[in-house]
Every structure is written in structure tokens, then in C-alpha cells.
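Student: Sequence and predicted structure are below.
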Amino acid sequence: MGLYELFVGLRYLKSKKVQGFISFNTILSVLIVFLGVFILIIVISVMNGFQAQIKDKILDVDAHITVMNYYGSSKGDTIWEYREIVKKLKTIKGVVTTDPYIHGQGLIRYKNNISYVMLRGIGTKGGMPAFVKKFITDGEKEFTEKSGIYIGAEMARNFGIKMNDVIEIIVPKGRLTATTGVLPGIGSYHVTGFFKTGYYDFDTKLIMMSLPQAQELFSVGDIAWGVGVKIDDVYKMDTMASKITSAIGFEYVTMTAEEKNQNLFYALKLEKLIMIIILFLVIISAGFTIMGTLVMVVMEKRKSIGILKSMGARPRSIMIIFVLEGFLIGVIGTLLGVLFGLAAAINLEAIIKWLEKSINAFGQQAYDFLKLGIFEKISIVPTNIYYIDSIPTEVKPEFVVFISIFAVFLSTVAAIFPAWSASRLNPVETIRYD
């Protein structure tokens, strides 16, 4: 490629004053590429942030790896020898904590309210696991009271439960038998503390108590339904699960947090994939706009192309000029999209707050002027649905690079057909009729 192809390509990005529509299409092409890259970076950064935050909150509360008996095994689905398993697990390099637990479902009754809850018994009387302590917002950070339980702050707010209030918990009691089935077990407990994990399902439905309390409530004896394992590197869960299975025996099954919550993670990945496809279609539409723009540029520049060819310009040079135009449109639009997209993704929380403030200020003034009554403030990201204190964003450099390369590549490819058409023009015919 010579310098003159670059010079002519830059000149052809703008049109004559009398044919300003062509230059408008050039601007429109750059704008569509810009919007596609800009929106794609912001949306994918937010979705990456949401996925990472949800995953982190689940891993904070739940075990990284869970050890259980095979369902339907001769020992049943409970672990009687959980103390021996804990000893074996503590000898494995990379294992940080091991906590036997009982996890079940039940109902709570408080005043006239009855609701479904999840119950988890973990730790001992006077010994609360460290990962549970960090979520306690009110109350002692130990299981000190025989009838004391900890509930989510959101559950307390929803039902109006206060510290030291008494609630009843109803659960299936004992083991399933052919003669009596399952009998209900009822216990009364004092609320001795609140916790807040930041994960909505846990904070509205989970009740925490010590393992001995749960064993007594469910009337199952000195057993655990599983052993929760925390490891030092969450990116090695699969490897560690294999090491644990080898250490404790293949009569037990291990399950990672991702496997336990695979439906949630699959839904998040599918949502992200659909959004990526939709937004990439925006960039593809920019390719068609670029193609249409360059076809019109070729029509406008027919005489100029004829003069260039009559002066000795080869078809290859003419083709390079118009391919270069598509490339330049892609580079300019992509560069602007990346710069503004990264700036918006990094400062998205401040932008959202400014938008909310502006919308609410305008809405309040409109309601006051029209005397429509009380204006309810609008929240762009309602916390009662997403349950987040801020907009999570995570910019992945490799994805930004991929978007940029794809946008420039598509813009360049879109210019090939108009460039090929221009290279095949007959100089004599173009000059004669123009």
C-alpha cells in the first residue's frame, strides 16, 4: 500500500458540499460502530460483575466443596462417622476449614405469619465458624444459647422480627418410615442475632443454628448430612474435589459449589450469551451501513476513479483505497467506542446515581407543578430485586480486545464488495458520461 492510497482514502471519507448526504452516511457508519462497541463493553462488564458478585456471595456463605454419602447407599444419605471424615480432610493440603452441617427445609410461625425457610445447623455450641461470623450484623458471634438462632436481616424486616423475639420452627422430624411416615417437629427459638450475606435468597429465607440444635430439632441423632469444605483456591475446586475423594474413599460423593448451583450459573451464562449475540448484531448492522455508504461513495467518485485509472492507477490500488475507507471507519468508531465504553463502565455507579437524581428531580417538579400528589422516587436498579448496594462491573481486557478486532475486521470486510466494484470501473466510460 502506497502513501497516495492512504491520502485518497482519507479524502474520500468526506464528500463534496453539494452531496453532503454521503458524508452524513460516513458519520452514521462511524456512529453505529461506536454505539455497538460502546454498549457491548458496558453491558458485558456489568454482566461479568453480576456473575462475579453472585458467585462470590454464594461461595462466601456456602461451602466450596461438599462431602456427602451417595443417595440410596447402605449407610443412607447421612454421615454417622463425620468426625473421622473431618480428621482426614484436615490432612489434605489446600483445605482451609471443614464444617459438618445439617441443612433442611421447614416453616416458621411468627404471630400470624407462616413462611417457608431453609435451616442450616453448623458449628458447635459456643463455636461459630469464622465464615459465618463475618456476616453477623447484630448479636453475639457465637452459638451461646441453646434455643438461640440467627436469621437474615431482610427476613427480620419482612416479618417485623426483633432481637429476642420468639419464633416457632416446624420441620419434618426423624426418619421416613413405612408405618408412620414423617411426623412434624416443632421448636420455639429466641432470635439472638441477624446476619446479612448480600445474597437475597439467603437473607430472606435462611436460619442459622448450631449443629447440635439442628440435630435435636430434626431428631436425627448425632449425624451430619454433609461436610462443607473451604479451600484456599476457588479456581481449583474440581482438582481438590478429586483429591478429597481419593483421601476419604469413593463411597462418598463430592460436589462443588458450581455443581450445586449449576442452574443459576447456567442461566447467567445463557443470559450473557444472548446479550452478546444481540449486541454483536448491532455491529453487524454497522457493516451493512458501511457497505451502503461506500457504494454511494463509489457512485459519487466515478469520474475521479476514471481519472485515477487513466493516470495509471491499477485496479488493486483502487480496491485498496475503498477497503481502507472501511478500515478507517471501523478504527475510528471502535477507538471512540472503547474509550467511552471503558470510561462509562468504570464510572457506571456515579452515572447511574446522577441519572436517578436527575430523573427524580424532574419527576418531583412535574408532580408538584401538575399537583399529581406524592411522587415515588425511581430506582434504576431496585435493590429489593437485585439486592446489591452498588452496580458491579468487571472489565475483562481480553474481551475488549476481541470486540475491537471484530468490529474493525467486520468494517473492513464490509468494504470489500464496493471496493471490488470500484476497481472494475472502465475509465473511458466513466469519464465520457460524467
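Tutor: Thanks, I have it.
Student: In contact with F375: list those residues for me.
Tutor: By Cβ atoms under 8 Å, 6 or more residues apart in numbering, the contact set of F375 is N360, G363, Q364, A366, Y367, D368. C-beta here means a position set from N, CA and C on the backbone, and glycine is covered the same way.
Student: ok, and the closest non-adjacent residue to the third one?
Tutor: When you say that, I think you mean Q364. With sequence-adjacent residues excluded and distances taken as Cβ to Cβ, 6 or more residues apart in numbering, Q364 is closest to F375, at 4.9 Å.
Student: pretty sure the one you found is in a strand, no?
Tutor: No: F375: not assigned to a strand; according to DSSP: H, G, I helix; E, B strand; the rest coil it is coil.
Student: any idea how far it is from I359?
Tutor: 11 Å (Cβ to Cβ, to the nearest Å).
Student: got it, and K377?
Tutor: 9 Å.
Student: Over to G326?
Tutor: 39 Å.
Student: With T78 instead?
Tutor: 54 Å.
Student: I42 now?
Tutor: 19 Å.
Student: Kindly report the same for A407.
Tutor: Taking Cβ to Cβ, one finds A407 at 31 Å from I359.
Student: So between the two, which is more surrounded?
Tutor: A side-by-side neighbour count of A407 and I359, using other Cβ atoms under 10 Å, places A407 first with 27 against 14.
Student: surely that one meets T334?
Tutor: Yes: the pair A407 and T334 passes the contact test of Cβ atoms under 8 Å, sitting 4.5 Å apart.
Student: How is this protein divided into domains?
Tutor: Domain ranges of the chain: 3-53+265-433, 63-255, per automatic domain parsing.
Student: Now do the last one, average pLDDT.
Tutor: For domain 63-255, the mean pLDDT works out to 83.
Student: do the same with the longest one
Tutor: Predicted confidence along domain 3-53+265-433 averages 75 (mean pLDDT).
Student: From the chain's centroid, how far away is it?
Tutor: 24 Å (Cα atoms, centre = their mean, to the nearest Å).
Student: From S358, how far out is the most centrally placed residue in the chain?
Tutor: Centre of the chain computed as the mean C-alpha position; nearest residue by Cα atoms, centre = their mean is Q51, 2.6 Å away. Remark: distance between Q51 and S358 (Cβ to Cβ) = 29 Å.
Student: got it, and G341?
Tutor: Taken as Cβ to Cβ, the span from G341 to S358 is 22 Å.
Student: the helices in the stretch 1-150 of the chain, which residues?
Tutor: 3-12, 20-61, 82-90, 130-133 (DSSP state H, counting those that start in this stretch).
Student: Single out the most deeply packed of those helices.
Tutor: Among these, helix 20-61 has the highest mean neighbour count (mean count of other Cβ atoms under 10 Å), at a mean of 20.
Student: From the contact counts, what lies against that one?
Tutor: helix 262-300, helix 315-346, helix 348-370, helix 397-414 (3 or more Cβ pairs under 8 Å, 6 or more residues apart in numbering; DSSP states H and E).
Student: Go through these and name the closest to G226.
Tutor: Closest of the helices and strands packed on helix 20-61 to G226 is helix 262-300, at 17.2 Å (criterion: Cβ to Cβ).
Student: For the closest one, name the packing helices and strands.
Tutor: Counting by 3+ Cβ pairs under 8 Å, 6+ apart, the elements that helix 262-300 packs against turn out to be helix 20-61, helix 315-346, helix 397-414, helix 416-423.
Student: same for the third one, what does it pack against?
Tutor: By that I understand helix 397-414. Contacting helix 397-414 under the criterion 3+ Cβ pairs under 8 Å, 6+ apart are the following elements: helix 20-61, helix 262-300, helix 315-346.
Student: One more: the second one?
Tutor: In this structure, helix 315-346 packs against helix 3-12, helix 20-61, helix 262-300, helix 302-310, helix 397-414, helix 416-423, with contacts taken as 3+ Cβ pairs under 8 Å, 6+ apart.
Student: Run the angle between the longest one and helix 348-370 for me.
Tutor: Same thing as helix 20-61. Between helix 20-61 and helix 348-370, the angle formed by their directions is 110 degrees, by axes from the mean of the first three to the mean of the last three Cα atoms, to 10 degrees.
Student: quick one: helix 20-61 to chain centroid distance?
Tutor: Distance, centroid of helix 20-61 to centroid of chain: 14 Å (Cα atoms, centre = their mean).
Student: swap in stretch 238-257?
Tutor: Once both centres are worked out by Cα atoms, centre = their mean, stretch 238-257 turns out to sit 28 Å from its chain's centre.
Student: Contacts made by it with the rest, please.
Tutor: Contacts for stretch 238-257 (Cβ under 8 Å, 6+ apart): 58-59, 62-70, 73, 75, 79, 85, 88-89, 91-92, 94-95, 229, 231, 233, 237.
Student: Out of these, name the ones that lie in strands.
Tutor: I65, T66, V67, M68, N69, V95, V229, I231 (DSSP state E).
Student: And for the fifth one, the neighbour number?
Tutor: Summarising burial for N69: neighbours were counted as other Cβ under 10 Å, giving 19.
Student: Also the first one?
Tutor: Other residues within reach of I65, judged by other Cβ under 10 Å, total 26.
Student: Enumerate every residue touching it.
Tutor: By Cβ under 8 Å, 6+ apart, I65 lies in contact with G228, V229, I231, M237, M240, A241, I244, T254, M255, T256, A257.
Student: what's the nearest residue to I79 if we skip its chain neighbours?
Tutor: I79's closest residue in space is A224 (Cβ to Cβ, 6+ apart), at 4.9 Å.
Student: Do me a favour and get the backbone dihedrals for that neighbour.
Tutor: For A224, the backbone dihedrals are phi -130, psi 150 (criterion: degrees, to the nearest 10).
Student: My read is that M208 contacts F195, right?
Tutor: Yes: M208 lies in contact with F195 (Cβ under 8 Å); the separation is 6.7 Å.
Student: what is in contact with those two at once?
Tutor: V132, Y150, I151.
Student: Take those and write them to JSON lines, including distance to M319.
Tutor: Formatted as JSON lines, the shared contacts of M208 and F195 follow (distance: Cβ to Cβ, whole Å):
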{"residue": "V132", "distance to M319": "68"}
{"residue": "Y150", "distance to M319": "72"}
{"residue": "I151", "distance to M319": "71"}
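Student: For I284, state which of those is nearest.
Tutor: V132 (49.4 Å).
Student: What distance do you get for the closest one to L328?
Tutor: Applying Cβ to Cβ, the value for V132 to L328 is 58 Å.
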